[in-house]
Every structure is written in C-alpha cells, then in structure tokens.
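Asker: coords please:
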Amino acid sequence: MTRTLLNIDAAACSHHDGDTEQACRRTIAALTTLPSDYRTGLVRRRALDLYEAIPAQHHRERAVRELRDVVAG
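Answerer: Below is the predicted model of the structure:
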C-alpha cells in the first residue's frame with residue numbers, strides 16, 4: 001500500500017504540473033494493481049482528493065471519467 005500511496009502522490013504532482021491526463025492514468029494504474037479490498041481508507045481518499053482537485057471543466061475527459069469510475073469502485 002505504501003508504494004500505491006507514493007504513486008498517487010506522484011500523480012498529484014503531475015496534475016499540479018499541468019498533466020492531468022497523466023495524473024489520472026498513473027492513479028488508475030496504482031489503484032488497479034491493488035486488490036479491491038485495499039482500495040479503501042487512505043488509498044481511496046488520496047485518489048478521491050486528486051479527482052476533486054481536477055477542475056469540473058475536465059470531468060468529461062476520458063481519463064478523468066475513468067479515474068472517477070475506479071475510485072467509485
């Protein structure tokens with residue numbers, strides 16, 4: 001789980017640097033490597049924080065929608 005959290009944090013940095021699509025893809029990859037039982041708590045919260053940090057105007061983009069779907073579980 002620690003590695004997953006680090007990957008999500010790195011993805012958040014990508015988003016902060018302006019690459020929202022890459023941030024979403026990295027977060028999706030990090031989450032989907034975990035069994036679904038581990039996609040809860042802090043891991044889910046970090047991924048959800050990233051999704052919520054993405055401006056609404058981007059929520060129709062494919063990568064952002066995919067992130068939303070993975071976080072929703």
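
Asker: Can you name every helix or strand that the one helix or strand residue 27 maps to contacts?
Answerer: Here residue 27, judged by DSSP states H and E, is contained in helix 20-32. When contacts are defined as 3 or more Cβ pairs under 8 Å, 6 or more residues apart in numbering; DSSP states H and E, helix 20-32 packs onto helix 2-16, helix 41-53, helix 62-72. For the C-beta atoms, the positions are set from N, CA and C on the backbone; glycine is no exception.

Asker: out of those helices, nearest to residue 28?
Answerer: Residue 28 lies closest to helix 62-72 among the helices and strands packed on helix 20-32, at 5.2 Å (Cβ to Cβ).

Asker: now for the closest one, which elements pack on it?
Answerer: On a contact count with 3+ Cβ pairs under 8 Å, 6+ apart, helix 62-72 meets helix 20-32, helix 41-53.

Asker: looking at these, which is buried most?
Answerer: Highest mean neighbour count among the helices and strands packed on helix 62-72 (mean count of other Cβ atoms under 10 Å): helix 20-32, with a mean of 20.

Asker: mind saving the C-alpha coords of it as PDB?
Answerer: Output of helix 20-32 as PDB, limited to C-alpha atoms (Å, rounded to 0.1, in the frame of the first residue of the first chain):
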ATOM      1  CA  THR A  20      -4.000  15.900 -15.600                       C
ATOM      2  CA  GLU A  21      -4.400  13.100 -18.000                       C
ATOM      3  CA  GLN A  22      -1.100  11.500 -17.000                       C
ATOM      4  CA  ALA A  23      -2.100  12.000 -13.300                       C
ATOM      5  CA  CYS A  24      -5.300  10.200 -13.800                       C
ATOM      6  CA  ARG A  25      -3.600   7.300 -15.700                       C
ATOM      7  CA  ARG A  26      -1.000   6.900 -13.000                       C
ATOM      8  CA  THR A  27      -3.600   6.900 -10.300                       C
ATOM      9  CA  ILE A  28      -5.700   4.400 -12.100                       C
ATOM     10  CA  ALA A  29      -2.700   2.100 -12.700                       C
ATOM     11  CA  ALA A  30      -1.800   2.400  -9.000                       C
ATOM     12  CA  LEU A  31      -5.300   1.500  -7.800                       C
ATOM     13  CA  THR A  32      -5.900  -1.300 -10.200                       C
END
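
Asker: Thank you kindly, that will do.
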